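Trainee: Model the structure of this input:
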Amino acid sequence: RYGAYLWTGGRSTMVIPSVNEPHIKKGDNIGCALDLSVPIITFFYNGMKIPGYFRNFNLDGMFFPVISASAKISCRFLFGGEHGRLKYSPPDGFSPIYDSLLPTQILAIDPCFYFGELSKGTLAGPLPVEDDVAYVPAPVDTSTIQLPTFVENIRDKLAENIHEMWAMGKIEAGWTFGERRDDTMGLHPCLTQF
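Mentor: Here you go, the predicted structure:
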């Protein structure tokens, strides 16, 4: 039943019913789109969005592309640019990882686990992380700070401007106002005046 389920935390969710044979075959393409502002991960099968998704996952630390498969299964990870041309374009509002890098960043692909001498059952990994460049926010506690009145007015204007910039980005990405937040339909109750 390869490709019929999404798995997380040891639980399965059927996304393609009535699969009686392996759904994923040689040459098929599995795509993954990450929206870290929600957060939500949506998946694509040969360029077509599948109904399953993951959301509200932990944003701390780094992300690692992985695959869990049975024996005699192989795959390639393609990230765009010089790391492999994508067979299917990303959905609107998304870019390949390679195109999302800052000018000074370098994308390096290293195996996390690799097999040694299979006849001896030797498995090596993970490789040590030499440079942890993941940004993990660490807010400063400002609860005891008293601001003068003129600074509070500026603070309120800055908060309003941040909301307007956030709303503009959401609207440009196709989101609209909704009484309840719905990430798959692009509805958000905060898409309103400050």
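Trainee: got any ranges where the protein has weak pLDDT?
Mentor: Filtered on pLDDT under 70, the chain yields the residue ranges 1-4, 6-11, 15-16, 18-23, 64-66, 68-74, 109-135.
Trainee: let's see 80
Mentor: 1-26, 51-53, 56-58, 60-77, 81-84, 100-103, 105-137 (pLDDT under 80).
Trainee: Which strand in it has the most residues?
Mentor: Looking across the chain with DSSP state E, the single longest strand is strand 48-55.
Trainee: which helices and strands sit right next to that strand?
Mentor: Applying 3 or more C-beta pairs under 8 Å, 6 or more residues apart in numbering; DSSP states H and E, one finds that strand 48-55 contacts strand 5-8, strand 40-45. C-beta coordinates here come from the backbone N, C-alpha and C atoms, glycine included.
Trainee: Please identify the deepest-packed of the ones you listed.
Mentor: strand 40-45 (a mean of 18; mean count of other C-beta atoms under 10 Å).
Trainee: List of residues touching it?
Mentor: 3, 6, 24, 28-35, 49-50, 52-55, 57, 88, 91, 183 (C-beta atoms under 8 Å, 6 or more residues apart in numbering).
Trainee: Any of these buried? List them.
Mentor: Buried members of the contacts of strand 40-45, counted by 16 or more other C-beta atoms under 10 Å: G3, L6, I24, G31, A33, L34, D35, I50, G52, Y53, D183.
Trainee: Next up, phi/psi of the fifth one, please.
Mentor: When read as degrees, to the nearest 10, the backbone of A33 gives phi -120, psi 120.
Trainee: Beta-bridge partners for it, please?
Mentor: Note on A33: beta-bridge partners by DSSP bridges are T42.
Trainee: which residues sit in contact with it?
Mentor: I41, T42, F43, F44, P90, P91, F94 are the contacts of A33 under C-beta under 8 Å, 6+ apart.
Trainee: That one and V151, how far apart?
Mentor: 41 Å (C-beta to C-beta, to the nearest Å).
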